[in-house]
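A.B. asks: Below: sequence and its predicted model.
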Amino acid sequence: MHDRTYAPGDLVGVLTTEPLGRVLDYRAPETGCGDGDFVEVPLGPRRVLGVVWGKARGDWDPAKVRPIHRLLDAPPMRAELRAFLARAADYTLTPLPQMLRLATRAPGLTEGTALRRVYRLGPTVPNQLTDARHRVIEALRAFAGAPMTLGELAEEAACTPSVIKGLVKLGIVLEEEAPRDLPFPPLDPKGGATLQGDQIAAADALIAAVAAGDYSTTLLKGVTGSGKTEVYLEAVAECLRAGRQALVLLPEIALTAEFLKRVEARFGTRPAEWHSGVTQTERRRVWKMVATGNASLIVGARSALFLPYQRLGLIVVDEEHDTSYKQEEGVLYNARDMAVLRAAIAGCPVVLASATPSLETWANVEAGKYTRLDLSARYGAAELPDLRAIDMRPEKLPADRWISARLAAEVAARTAKGEQSLLFLNRRGYAPVTLCRACGHQVGCDHCDARMVEHRFQKRLVCHQCGATKPVPAACPACGVEGRMAAVGPGVERLAEEVAARFPEARIAILSSDLFGSARALKAQIDTIAQGGADIIIGTQIVAKGHNFPLLTLVGVIDADLGLQGSDLRAAERTFQLMRQVAGRAGRLEGRKGMALLQTHQPEHPVIRAILGGDEEAFWRAEAAERRAAGVPPYGRMAGIILSSPDVAQVFDFAAELARRDTPLRRIGAQVYGPAPAPIARVRGRHRVRLLVKADKTAPLQPALAEWIAQLKPPANLRLAVDIDPQSFL
Ligand code: ADP
Ligand code: ZN
């Protein structure tokens, strides 16, 4: 039942999603209300969504305080979620209303339950259909189970509503009235794989953690294919048996489809899905069902952390090292760290799964804060690939070739046996640089301080910062000479040309995020490859992420040195993780020993040697020692301040003034570095300047930062963003 702490007419505080910087005062409605109630309140001429957030501050003229318009028909936000939002806001220095917005990102929460018209596939689908009709059928198949409205279906199928109506007339598509939000069918925890070896002890430990029902963090470490997913699904099963809700976070939408199938096979039905690819109608359903306890397993992206769970019993963060867990726009937060915070407040275990954990997590294990479980072998007889370097210095390759003789020979041998090879190059597009051979001018973006990347499939130059495009110029924009513009360096599209020329018989597939219009199209390509539909795969980092290609036995890394350039403090760690992840794609099938070859110009580089040597613990210890000596994360704290403005002088002056007024920071022993132009000094016409704050691990950084920044009010067109624990230094 509702708690009615506040009697009708009492003064209460209401947090809205409006950017007002404070909780507003209202009067409790005639029914009374309690903390956490979702309400609609008047704000100026509008009505906005809010949550009752404790007693009123009482600093508003009581005569002017307006009553809450009405209580919404949703279970109140639990104290646990309110505490999480408040702590996350404090940690990331984000205004609370913005946090509330993350927790209410479902449409129509103010509307009641109602019927609506939805569409699904009829019993028979004829083979001969027009393209538009075919797309409708495909869209309905892709969203199997999730009801779609006319608008959503038309958008997914890129057709007019009349196409759908036509299919309804023919009985191919069925139209029906359905309640807006249906509960998710319960999952059946029985069954599961028969675990083996150290899988058994790992699963037992996780099951015990779930049964204990207390907060704990466990690193589940094991190479790709060692059964981490199988093991943590046992913890999910225990959570379901206990009648609690489980959340599994995945770093990439393209991975969810494969995972959902696995859950369906294991638990008999599909779980709730939450990410940007889910329709608005389904989002609303998931939000409501999570809030009423009618969804027991949620699979999703970062933002699923902000759903209104009733009885959260387990959080799993799969591929916990993945950089896409860091949200780099809007509210800047790391979902892995926020998962740990949410679990700590909810009092439930969190499992961080990875083959190549982040140094942060490794250090927390060393410090005794996290438990570690190891899966040491691959399931079945599948072996880890052999890792070797190819020294590129003696190779005399022409300027438009990147594949060494040794790698080419290995690819040819695989193709002849009907096995797959993967050539890895972490560069989208055709060529990273377009250069004038007459004057040396490089084509840059008009709005950003970045070179434009040629994308030959699109026949355009693209800015990877802002997305602006322009045609490849025939004449040099600087000196006007015609016919001397040249592509320099390789991207995956250009590598594909070399592969096609050298292996004319081979079927080639390129996997690069920009080549697919939707997550679904990318998924379809991945499925085709997994079923043997390509001999040679050319891919960017999206191939490193957990996709399973059974016929793949060779991985060739075109440029293993790429990630080691630049001054990012995590360059070594990232390269180590990425190379091991990519190499791990090879040879997952029994009887097929995989091989990974790393082309490098610096085979003696310590990181390259660590990757080849395979002594992971030695690598982590060396990396940890360096970071500790430098006082940087995870052994020190950092915050980035990114200032941007169309006016370059203004943004520098403001940043310099802020840096001068560093007393609040010095008080906690922190230092400010900068201002310095950001490595990408201009994006979308805005000039960017960075300040970097470094502090001891135990220093109370956030309150000091808040006090420091509050000293100066930024001019209207200057934006200031605080990035706690920055991952990217662009
Ligand atoms: P990871 O998550 O570590 O990459 P998975 O859990 O995906 O590993 O396991 C790799 C493959 O081996 C999957 O196809 C999985 O179903 C299978 N597998 C792992 N352990 C077992 C087991 N004990 N019994 C049957 N199949 C298993
Ligand atoms: Zn640009």
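C.D. replies: Looks like it arrived, so ask away. Ligands and ions are numbered 1, 2, ... in the order given.
A.B. asks: Now do stretch 95-105: everything it contacts.
C.D. replies: By Cβ atoms under 8 Å, 6 or more residues apart in numbering, the residues outside stretch 95-105 that reach it are 15-21, 23, 49, 51, 77, 81, 85-86, 88-89, 283, 287, 303, 306-308, 330-331. C-beta coordinates here come from the backbone N, C-alpha and C atoms, glycine included.
A.B. asks: check contacts around F306.
C.D. replies: F306 is in contact with 81, 85, 99, 102-103, 105, counting by Cβ under 8 Å, 6+ apart.
A.B. asks: Pull up the gap between it and ligand 1, please.
C.D. replies: With the distance defined as Cβ to the nearest ligand atom, to the nearest Å, F306 ends up 26 Å from ligand 1.
A.B. asks: for A295, same thing?
C.D. replies: From A295 over to ligand 1 the distance is 23 Å, taken as Cβ to the nearest ligand atom.
A.B. asks: Report the contact partners of that residue.
C.D. replies: Contacts here follow Cβ under 8 Å, 6+ apart; on that basis A295 touches 183-184, 245, 271-272, 286, 289.
A.B. asks: Give me the three-state assignment for the residue nearest to L206 when sequence neighbours are not counted.
C.D. replies: Using Cβ to Cβ, 6 or more residues apart in numbering and skipping the chain neighbours, the partner closest in space to L206 is A235 (3.8 Å). Applying DSSP: H, G, I helix; E, B strand; the rest coil to A235 yields a three-state assignment of helix.
A.B. asks: Tell me if I'm right that A235 and D204 touch.
C.D. replies: No: A235 is beyond contact range of D204, at 10.0 Å (criterion: Cβ atoms under 8 Å).
A.B. asks: out of those two, which sits in the busier spot?
C.D. replies: A235 (27 against 15; other Cβ atoms under 10 Å).
A.B. asks: From the contacts of stretch 95-105, which land in helices?
C.D. replies: When these are checked against helices (DSSP state H), the matches are 81, 85-86, 88-89, 283, 287.
A.B. asks: Of these, which is the nearest to D561?
C.D. replies: Taking Cβ to Cβ as the measure, D561 lies nearest A88 of the ones in helices among the contacts of stretch 95-105, at 37.8 Å.
A.B. asks: Kindly provide the distance from the closest one to ligand 2.
C.D. replies: 31 Å (Cβ to the ion, to the nearest Å).
A.B. asks: quick one: contacts for A624?
C.D. replies: Remark: with contacts taken as Cβ under 8 Å, 6+ apart, A624 is in contact with 359, 362-363, 366, 635.
A.B. asks: pLDDT at it, what is it?
C.D. replies: Taken from the predicted model, the pLDDT recorded for A624 is 92.
A.B. asks: next helix or strand past the helix or strand hosting it?
C.D. replies: Element membership of A624, judged by DSSP states H and E, is helix 616-630. Following the chain from helix 616-630 toward its C-terminal end, the next helix or strand by DSSP H and E is strand 636-645.
A.B. asks: and that following strand, how far from the chain's centre?
C.D. replies: Average the C-alpha atoms of strand 636-645, do the same for its chain, and the two points are 21 Å apart (Cα atoms, centre = their mean, to the nearest Å).
A.B. asks: Spell out which parts of the stretch 51-200 of the chain neighbour ligand 1.
C.D. replies: Taking Cβ under 6 Å from any ligand atom, the part of the stretch 51-200 of the chain that reaches ligand 1 is made up of 193-196, 199.
A.B. asks: Out of those, who's the most crowded?
C.D. replies: In these, the most neighbours by other Cβ under 10 Å go to Q199, 22 neighbours.
A.B. asks: Now do the SS call for it.
C.D. replies: For Q199, the secondary structure call by three-state DSSP comes out as helix.
A.B. asks: Contacts made by the strand ranked longest in the chain with the rest, please.
C.D. replies: Longest strand in the chain by number of residues (criterion: DSSP state E): strand 671-683. When contacts are defined by Cβ under 8 Å, 6+ apart, strand 671-683 is touched by residues 447-450, 465-466, 642-644, 652, 655-656, 658-659, 662, 665, 687-695, 729-730.
A.B. asks: Filtering these by proximity to ligand 1, which remain?
C.D. replies: For ligand 1, no contacts are drawn from those by Cβ under 6 Å from any ligand atom.
A.B. asks: Check the stretch 201-350 of the chain for the residue nearest ligand 2 and tell me.
C.D. replies: When scored by Cβ to the ion, the stretch 201-350 of the chain has E329 as its residue closest to ligand 2, at 15.5 Å.
A.B. asks: What are the phi and psi values at that residue?
C.D. replies: Main-chain torsions, E329, degrees, to the nearest 10: phi -140, psi 150.
A.B. asks: neighbours of it, just the number please.
C.D. replies: Here the neighbour count serves as a burial measure; for E329 (other Cβ under 10 Å) it reads 6.
A.B. asks: do the same with the one 10 residues further on
C.D. replies: The number of residues packed around A339, counting by other Cβ under 10 Å, is 24.
A.B. asks: contacts for whichever strand or helix holds it?
C.D. replies: A339 belongs to helix 335-346 when elements are defined using DSSP H and E. Residues from elsewhere that reach helix 335-346 (Cβ under 8 Å, 6+ apart): 80, 83-84, 87-88, 91, 215, 217, 249, 301-302, 305, 309, 312, 315, 317, 320, 325-327, 349-350, 352, 358, 361, 725.
A.B. asks: so how far is that helix from its chain's centroid?
C.D. replies: The chain centroid and the centroid of helix 335-346 are separated by 16 Å, computed with Cα atoms, centre = their mean.
A.B. asks: What strands line up against the following helix or strand past that helix, and which way round?
C.D. replies: Downstream of helix 335-346, the first helix or strand assigned by DSSP H and E is strand 349-354. Sheet pairing here is set by DSSP bridges, and for strand 349-354 it gives strand 216-222 (parallel), strand 312-318 (parallel).
A.B. asks: for the protein, which spans come out with low pLDDT?
C.D. replies: For the chain, applying pLDDT under 70 flags the ranges 1-2, 112-115, 144-146, 378-384, 519, 546, 566-567, 588-592, 729-730.
A.B. asks: Up against ligand 2, what does it have?
C.D. replies: With Cβ under 5 Å from the ion as the criterion, the chain meets ligand 2 at residues 445, 447-448, 463, 465-466, 468.
A.B. asks: For the contacts of A295, give me JSON lines that also has secondary structure.
C.D. replies: Converted to JSON lines, the contacts of A295 look like this (three-state DSSP):
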{"residue": "P183", "secondary structure": "coil"}
{"residue": "F184", "secondary structure": "coil"}
{"residue": "Q245", "secondary structure": "strand"}
{"residue": "P271", "secondary structure": "coil"}
{"residue": "A272", "secondary structure": "strand"}
{"residue": "V286", "secondary structure": "helix"}
{"residue": "M289", "secondary structure": "helix"}
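A.B. asks: Looking at these, which one is closest to Q702?
C.D. replies: When the contacts of A295 are compared for distance to Q702, the smallest value, 29.8 Å, is given by Q245; criterion: Cβ to Cβ.
A.B. asks: and that closest one, how many residues sit next to it?
C.D. replies: Residues contacting Q245 under the criterion other Cβ under 10 Å number 25.
A.B. asks: Quick one: residues contacting it.
C.D. replies: If you count contacts by Cβ under 8 Å, 6+ apart, Q245 has them with 239, 290, 293, 295-298, 309-313.
A.B. asks: Let's see if you can find the most crowded of the residues you listed.
C.D. replies: Ranked by neighbour count (other Cβ under 10 Å), the contacts of Q245 have C239 at the top, with 29 neighbours.
A.B. asks: What distance do you get for that residue to A208?
C.D. replies: Computed with Cβ to Cβ, to the nearest Å, the distance linking C239 and A208 is 12 Å.
A.B. asks: and if you look at L423?
C.D. replies: Between L423 and A208 the computed distance is 44 Å (Cβ to Cβ).
A.B. asks: who has more neighbours, those two?
C.D. replies: Under the criterion of other Cβ under 10 Å, the comparison of L423 against A208 puts L423 first, with 27 against 13.
A.B. asks: thinking again about what came up before, now secondary structure too, for the residues of the stretch 51-200 of the chain next to ligand 1, in TSV please.
C.D. replies: Shown next, in TSV, are those (three-state DSSP):
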residue	secondary structure
A193	coil
T194	coil
L195	coil
Q196	coil
Q199	helix
